[in-house]
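Participant: need the 3D shape of this:
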Amino acid sequence: MKYIILFFILFSLPALSDEICKSIDSKIEPDFRWQESDFTKVASQKAIAELSEAIEKNEIMATFQLPNNLSLIEGYILKQEAIRALSGDAVHEGLVEYYVTNFCEFLARTPIYD
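Facilitator: Numbers count the residues shown, from 1 in each chain. Next up, the predicted model:
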């Protein structure tokens with residue numbers, strides 16, 4: 001029995017890593033929704049660089065830049081927490097749902113500003 005459970009866990013992890021939130025109930029227009037794939041390390045680092053440059057040069061950012069950059073950073077962190085929880089890296093089983101829910105709710109409520 002243990003081997004059957006282990007088999008299902010091992011073969012379901014690749015699917016989980018591709019899509020954390022299976023279905024999201026969002027009131028945001030589809031064109032203004034973030035996708036899970038938007039939250040990458042590179043995108044997050046670029047957002048941090050843009051914010052740092054604006055602070056350093058005391059520049060005014062476009063109206064959409066600040067909230068979108070902050071969303072990229074927050075979303076990346078929440079996504080990484082959910083991925084670590086799903087992979088079982090030193091996370092108590094009860095916290096898996098917590099981290100996944102945080103990321104999925106973030107996707108459902110956070111728009112892309114244009």
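Participant: quick one: neighbours of residue 46, just the number.
Facilitator: Look at residue 46: counted by other C-beta atoms under 10 Å, it has 14 neighbours. Every residue, glycine included, has its C-beta placed from N, CA and C.
Participant: ok, it - contacts?
Facilitator: Shown in contact with residue 46 (C-beta atoms under 8 Å, 6 or more residues apart in numbering): residue 72.
Participant: what pLDDT does it get?
Facilitator: Note for residue 46: predicted pLDDT of 97.
Participant: now it: which helix or strand?
Facilitator: Per DSSP states H and E, residue 46 falls inside helix 41-57.
Participant: which SSE is immediately downstream of that helix?
Facilitator: Toward the C-terminus from helix 41-57 - assigned by DSSP H and E - lies helix 65-87.
Participant: which strands and helices sit next to that next one?
Facilitator: On a contact count with 3 or more C-beta pairs under 8 Å, 6 or more residues apart in numbering; DSSP states H and E, helix 65-87 meets helix 2-18, helix 41-57, helix 93-109.
Participant: which parts of that helix are buried?
Facilitator: Buried residues in helix 65-87, counted by 16 or more other C-beta atoms under 10 Å: 65-66, 68-69, 71-76, 78-79, 81-83, 85-86.
Participant: relative to helix 41-57, how tilted is it?
Facilitator: Interaxial angle of helix 65-87 relative to helix 41-57 (axes from the mean of the first three to the mean of the last three C-alpha atoms, to 10 degrees): 140 degrees.
Participant: mind exporting the C-alpha coordinates of helix 65-87 to CSV?
Facilitator: Taking C-alpha atoms only, helix 65-87 is exported to CSV below (Å, rounded to 0.1, in the frame of the first residue of the first chain):
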residue,chain,number,x,y,z
GLN,A,65,4.6,50.3,-13.0
LEU,A,66,4.5,50.4,-9.2
PRO,A,67,1.5,48.1,-8.6
ASN,A,68,2.6,45.7,-11.4
ASN,A,69,6.2,45.5,-10.2
LEU,A,70,5.1,45.0,-6.6
SER,A,71,2.6,42.3,-7.8
LEU,A,72,5.4,40.5,-9.7
ILE,A,73,7.6,40.4,-6.5
GLU,A,74,4.8,39.3,-4.2
GLY,A,75,3.4,36.7,-6.6
TYR,A,76,6.9,35.2,-7.1
ILE,A,77,7.4,34.9,-3.4
LEU,A,78,4.0,33.3,-2.9
LYS,A,79,4.5,31.0,-5.8
GLN,A,80,7.8,29.8,-4.4
GLU,A,81,6.3,29.2,-1.0
ALA,A,82,3.6,27.1,-2.6
ILE,A,83,6.1,25.1,-4.7
ARG,A,84,8.2,24.4,-1.6
ALA,A,85,5.2,23.3,0.3
LEU,A,86,4.0,21.0,-2.4
SER,A,87,7.4,19.5,-2.8
